[in-house]
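Student: Sequence and predicted structure, then a few things I'm wondering about:
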Amino acid sequence: MKNNFKSLASILPVILFSILAFIACSNDSNDDDTQGDEDTVTELHAAFAAFNEDATTIFIDGSNVVIETTGLPNHETVYWGVGNNLYREEPDVQTTPSIISSNNNAATITVDAIPNLTGSTVATQLGTVGIAVSGSAIFNDQEGGGPLDQAAVSLDWTGAHIGPGVYHYHLEPKAFTDDDENLVGILLDGVFLYGRKCSATGTYPTDLDASGGHTTTTQYTDGEEEYHYHIINEIYSTTGSYLAFAGPYQGY
């Protein structure tokens, strides 16, 4: 009998360890499942309904949103070129030597479906910083490695031009937002950009951070508050208009 007790005593710790290990593994598995549920988005944000369907294809890929665009805007500009139905004569614009149809405007960007607002801010770079609701690109306050005001004479009526390679907006795109709260587009960090006014108040926001962002409801959030950017209500340099977005990003 004593030998039986000794045998039981020797294997009891092993049994207890196995049970605890099983419980721990089960908890880890549940945590992983929960995290997976949080990272998987099943429905596009309502704001994507405002994007030009003729130019963009937008879909969910796990925890990301993929935006495929032709880059071709659905509004008038001198950069469509004479003969196009959307050509607009703009004699005061010192146009760059290209027209939209001769450029490779197509692009695909992938953004977080739920922006990560817990990390460090990140500066914008040259090139595309976002996609506008028209389907065309949004650039920052630089052009060709220099300040935008050096190239401002080539900007059309809606604050855009061609160069390098694609049609893109630098300033408030008046074709679809002109001193209002309309959606401008989405930036590479997954944060939406709106016009100079806030839909929550109907006025210019006074609580914007260094990126032009704040947290309020929007016309697409069904009463829920959400971090988003606005075009800052300050005339940019010598352009006579308002810069679309200079950064830094807040959602990386």
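Tutor: Cool, got the structure. Numbers count the residues shown, from 1 in each chain.
Student: contacts and neighbour counts: CA atoms only from here.
Tutor: OK.
Student: Quick check: bridge partners of the closest residue to E43 other than its chain neighbours?
Tutor: Spatial nearest neighbour of E43, excluding adjacent residues (CA to CA, 6 or more residues apart in numbering): I60 at 7.4 Å. Beta-bridge partners for I60, by DSSP bridges, are V65.
Student: switch to numbering from 21
Tutor: Happy to do that; since the first residue is 21 now, the last one works out to I80.
Student: Now that I80 has come up, it's in contact with V86, right?
Tutor: Yes. Under the criterion of CA atoms under 8 Å, I80 makes contact with V86 at 6.2 Å.
Student: Tell me the spacing between Q145 and E244.
Tutor: 31 Å (CA to CA, to the nearest Å).
Student: Between these two, which is the more surrounded one?
Tutor: Using other CA atoms under 10 Å, the more surrounded residue of Q145 and E244 is Q145, with 15 against 11.
Student: pLDDT value on that one, please?
Tutor: Looking at Q145, its pLDDT reads 92.
Student: Now do stretch 246-254: distance to the chain's middle.
Tutor: Mean C-alpha position of stretch 246-254 versus that of the full chain (CA atoms, centre = their mean, to the nearest Å) differs by 12 Å.
Student: any idea where the strands of the stretch 171-272 of the chain begin and end?
Tutor: Assigned by DSSP state E, counting those that start in this stretch, the stretch 171-272 of the chain shows strands spanning 180-182, 187-189, 203-207, 212-214, 233-236, 246-250.
Student: Could I get the buried residue list for the last one?
Tutor: Taking 16 or more other CA atoms under 10 Å as the neighbour-count basis, strand 246-250 is seen to contain the buried residues 247-250.
Student: helices or strands up against it?
Tutor: Applying 3 or more CA pairs under 8 Å, 6 or more residues apart in numbering; DSSP states H and E, we find strand 246-250 packed against strand 212-214, strand 233-236.
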